[in-house]
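[1] pasting a predicted model and its sequence here:
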Amino acid sequence: MSVAWQFYFSTLLIYLAVDVMAVWGLNLQFGVAGISSFAFIVFQAMGAYTASVLTLGPEQGTSFQHYVGGASLPFPLPVIAAGAAGGLLALLVGLVGIRRLRADYQAMVMLVISLTATYVADNSTHLFNGPAGLSLVPKPLFGGLNLSLVNYQWFYVGLCAVFCALIWWFVRRFTESPLGRAMRAVRDNEHAAAALGKNVFGLRMTAFVAGGVIAGISGAVFVEFLGAWSPGSWLYPETFVFFTAILVGGTGNNIGVAVGALLVPIGFLESTRFLPNVGYPGFVDALQWVAVGVMALIFLWFWPRGVIPERKRRFPQPGEAPRTIGRRLLRSRG
């Protein structure tokens with residue numbers, strides 16, 4: 001395989017890993033807890049900015065970019081800090097957008113927060129360098145490994161695989177636990193869950209903050225690879241790509257949403273790069289968003305449970321034989 005194709009495929013795998021981590025975080029918020037988190041990209045951006053300023057070092061007086069803080073922490077401390085920053089921001093947003101608000105109002109508040117955050121980052125030059133964003137973020141461990149660029153790309157693929165494995169273990173333990181089942185109960189019928197003594201707000205906040213932590217980590221892993229991040233990289237339509245991936249893959253199913261990340265942001269959007277340039281400049285890029293919206297509508301109408309639906313959970317009735325339960329579970333999976 002040529003060096004160019006190695007760069008291309010390794011970059012796709014890194015993008016896939018970042019998208020898979022992101023949809024797992026959003027699936028915790030939306031698929032498991034039922035929160036329409038239209039501000040999800042803000043938590044990913046918070047992680048990216050945090051990792052950037054903790055890697056770039058203190059700001060120099062003659063530097064072309066200005067930002068708050070600044071440190072030169074060794075890897076993986078910036079990624080850990082990015083996860084903490086994403087979770088803290090999710091906590092603050094959740095206190096405003098989740099408490100005492102219905103699901104439809106929550107979605108509106110999240111969208112407003114996303115737009116507001118974009119404008120703040122774009123207009124505050126001394127926060128994260130305004131519309132120019134941050135650049136020249138050092139790649140982790142690049143200097144110490146003495147690898148060629150293409151070999152470092154494959155090393156970073158392995159590094160992303162490690163992060164994906166850790167997050168997969170976390171979300172699986174999270175969603176398969178009694179806590180995850182309680183969150184699904186809140187998602188399906190919050191009034192019934194509250195009548196059974198469940199803390200609806202506490203369960204939603206737990207899922208929201210956990211999703212924010214994962215979003216921050218995904219943003220940090222992404223910016224450490226790209227080396228740059230700007231407000232133009234996290235406009236609110238990016239969140240709808242993740243939502244579409246979840247709808248296509250299967251809401252509430254960790255494997256399904258990972259497949260959705262492969263099909264939508266990687267498979268579908270990447271394939272449009274090979275389309276011929278037609279119409280005015282940027283027409284094909286604009287058509288991508290239309291196609292993503294149409295895809296979401298099609299799946300909502302015809303396949304609302306996605307490609308790999310969430311597994312139905314059934315508990316035994318009093319006196320029911322285990323063998324009968326097994327036969328019913330096999331029929332439901334088939």
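    Here it is on my side, so go on.
[2] break this structure down into its domains, please.
    1-235, 236-334 (automatic domain parsing).
[3] looking at these, which is buried most?
    domain 1-235 (a mean of 19; mean count of other C-beta atoms under 10 Å). Every C-beta, even on glycine, is put in place using the N, C-alpha and C of the backbone.
[4] report the mean per-residue pLDDT for it.
    Taken as a whole, domain 1-235 has an average pLDDT of 89.
[5] now do the helices in the stretch 151-300 of the chain.
    178-188, 190-195, 200-226, 237-249, 254-261, 269-271, 283-302 (DSSP state H, counting those that start in this stretch).
[6] okay, those helices in a markdown table with distance to residue 101 next?
    Shown next, in a markdown table, are the helices of the stretch 151-300 of the chain (distance: least, C-beta to C-beta, whole Å):
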| stretch | distance to residue 101 |
| --- | --- |
| helix 178-188 | 14 |
| helix 190-195 | 12 |
| helix 200-226 | 10 |
| helix 237-249 | 18 |
| helix 254-261 | 25 |
| helix 269-271 | 32 |
| helix 283-302 | 23 |
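[7] you'd agree residue 152 is up against residue 140?
    No: counting by C-beta atoms under 8 Å, residue 152 stays clear of residue 140, with 10.0 Å between them.
[8] shared neighbours of those two, which are they?
    Counting by C-beta atoms under 8 Å, 6 or more residues apart in numbering, no residue touches both residue 152 and residue 140.
[9] quick one, which of the helices of the stretch 151-300 of the chain is nearest to residue 130?
    Closest of the helices of the stretch 151-300 of the chain to residue 130 is helix 200-226, at 16.7 Å (criterion: C-beta to C-beta).
[10] do you know how far the closest residue to residue 126 other than its chain neighbours is from residue 55?
    Spatial nearest neighbour of residue 126, chain neighbours left out: residue 66 (5.0 Å); criterion: C-beta to C-beta, 6 or more residues apart in numbering. Relative to residue 55, residue 66 is positioned 16 Å away (criterion: C-beta to C-beta, to the nearest Å).
[11] how about residue 265?
    25 Å.
[12] same check on residue 70?
    Counting by C-beta to C-beta, the gap from residue 70 to residue 55 is 9 Å.
[13] equivalent analysis for residue 186, please.
    Distance of residue 186 to residue 55, computed by C-beta to C-beta: 38 Å.
[14] same check on residue 96?
    For residue 96, the distance to residue 55 - C-beta to C-beta - is 30 Å.
[15] any idea which of the helices of the stretch 151-300 of the chain gets closest to residue 168?
    Evaluated with C-beta to C-beta, those place helix 254-261 nearest to residue 168, the distance being 7.1 Å.
[16] list of residues touching the closest one?
    16, 19-20, 22-24, 26-27, 31, 168, 171-172, 175, 242, 244-251, 306-310.
[17] repeat the analysis, applying 6 Å as the threshold.
    Outside of helix 254-261, the residues within contact range by C-beta atoms under 6 Å, 6 or more residues apart in numbering are 19-20, 23, 27, 171, 245-246, 248-250, 306-308.
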